[in-house]
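Trainee: build me a model from this:
(one chain, ligands or ions: 1)
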Amino acid sequence: MNGIRYSIPMHLHTVNSIVILTGAGISAESGLSTFRAENGLWCNHPIEDVATPEGFARNPVLVQQFYNQRRAQLLSVEPNAAHHALAQLAEGFKGSLLLVTQNVDNLHERAYRQRRANANFRFVHMHGELAKVRCTETEMVYDWTEDITAQTLCPCCREIGTLRPHIVWFGEMPLEMPVIYEALRKCDLFISIGTSGNVYPAAGFVAEARASGRAHTVEINLEPSQTHSLFHETRHGKATELVPKFVEELLSNRNKG
Ligand code: BV8
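Mentor: This is a model prediction of the structure:
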């Protein structure tokens, strides 16, 4: 289904503050599995086994293997046209822009690293990052591209068994929530891209943005999400087709001044 309910209302060329939320759907066309599709990540690995602190305590080897495999996969995928379009927005949009991703891959940063994002651009991985690990003793976070095994020595406490993926599991507090909520309260455009709207608090962000009465809200997704009815505007289709078009509209509207 490739439906566009409304075109961008012309008043949006006055947009000064944007919040963008992305989910697994924006990385799907780069070859990374989403979570809830037929062959998705949660179909082969029950959430409680691999994405909860209890699952990690029960079987750390299984959980480390689950993340080792996904971390290694980062080396064989590239950002797609949707990631690059958002990087172009980060460079071309002169107002304040917060990009919040639920994704733990590094495809957004690899796209905007190829551009000069402007000073008003901020980026948040609210569910953590595959390319980072954390010491469970000291909470120190380290960039990490290798596997973690039962023999991996922690760089800070020089122990084995103390490193975990720097990932927010179910039941854990997502990262940078105060920054996110403040931006949602102030934004005049909220865009949700490639998420099913199943996971909170991210799925509640559209309601947070609408609470101000000022924000225009847009869903860009392959199909209607769980929260699609809360959006002023929905565009259903592939991210690599719809996101570049949306960014082009935004940047050309903005330039009309
Ligand atoms: C928390 C890391 C306390 C792991 C993940 C109400 C309020 C607050 C909490 C809850 C609540 N109700 C329930 C909860 C608890 C729970 C929760 O939401 N459970 C759900 C299952 C009901 N939430 C939590 O535990 C969170 N912590 O609540 O702390 C708190 C309370 C209030 C305020 C602050 C704190 C922690 C949640 C984080 C869990 N960790 N990830 C990992 O990645 O391995 S969540 C996991 O789901 C991923 O991060 C993923 O990003 C996220 C969401 O999934 P999606 O990204 O949407 O992926 P999905 O496959 O579902 O959908 C993909 C979409 O893309 C589809 O719609 C598809 O159509 C579309 N698509 C596909 N291809 C394309 C496409 N679109 C465009 N183009 C394409 N080509």
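
Trainee: C-alpha from now on. contacts and neighbour counts both.
Mentor: OK.

Trainee: neighbouring contacts of the lowest-mean-pLDDT helix or strand in the chain?
Mentor: Comparing every helix and strand of the chain by mean pLDDT, DSSP states H and E singles out helix 41-44 as the least confident one, with a mean of 76. With Cα atoms under 8 Å, 6 or more residues apart in numbering as the test, helix 41-44 has contacts from 33-37.

Trainee: try stretch 20-40
Mentor: Counting by Cα under 8 Å, 6+ apart, residues outside stretch 20-40 touching it are 41-43, 77-80, 82-83, 97-103, 107, 190-196, 202, 221-222, 239-240.

Trainee: just the ones of these in strands?
Mentor: Taking DSSP state E as the definition of strands, the contacts of stretch 20-40 contribute 97-101, 190-193, 221.

Trainee: follow-up on the earlier one: who wins for neighbours among the contacts of helix 41-44?
Mentor: The most crowded member of the contacts of helix 41-44 is residue 34, carrying 21 neighbours; neighbours defined as other Cα atoms under 10 Å.

Trainee: what about that residue, which SS state?
Mentor: At residue 34 the chain is in coil, as set by DSSP: H, G, I helix; E, B strand; the rest coil.

Trainee: any figure for the gap between it and residue 105?
Mentor: Distance of residue 34 to residue 105, computed by Cα to Cα, to the nearest Å: 11 Å.

Trainee: quick check, distance from the lengthiest strand in the chain to the centre of its chain.
Mentor: Taking residue count as the measure and DSSP E as the definition, the longest strand of the chain comes out as strand 128-135. When distances are taken as Cα atoms, centre = their mean, to the nearest Å, strand 128-135 is centred 15 Å away from the chain's centroid.

Trainee: could you pull up the mean pLDDT of that strand?
Mentor: Per-residue confidence for strand 128-135 averages out to 97 on the pLDDT scale.

Trainee: dump that strand to CSV, restricted to CA.
Mentor: Presented in CSV, the C-alpha positions along strand 128-135 are these (Å, rounded to 0.1, in the frame of the first residue of the first chain):
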residue,chain,number,x,y,z
GLY,A,128,21.4,1.9,23.2
GLU,A,129,24.0,0.9,20.5
LEU,A,130,25.3,-2.5,19.2
ALA,A,131,28.7,-0.9,18.7
LYS,A,132,29.1,-0.2,22.4
VAL,A,133,29.4,-2.3,25.6
ARG,A,134,29.0,-1.5,29.2
CYS,A,135,30.7,-2.7,32.4
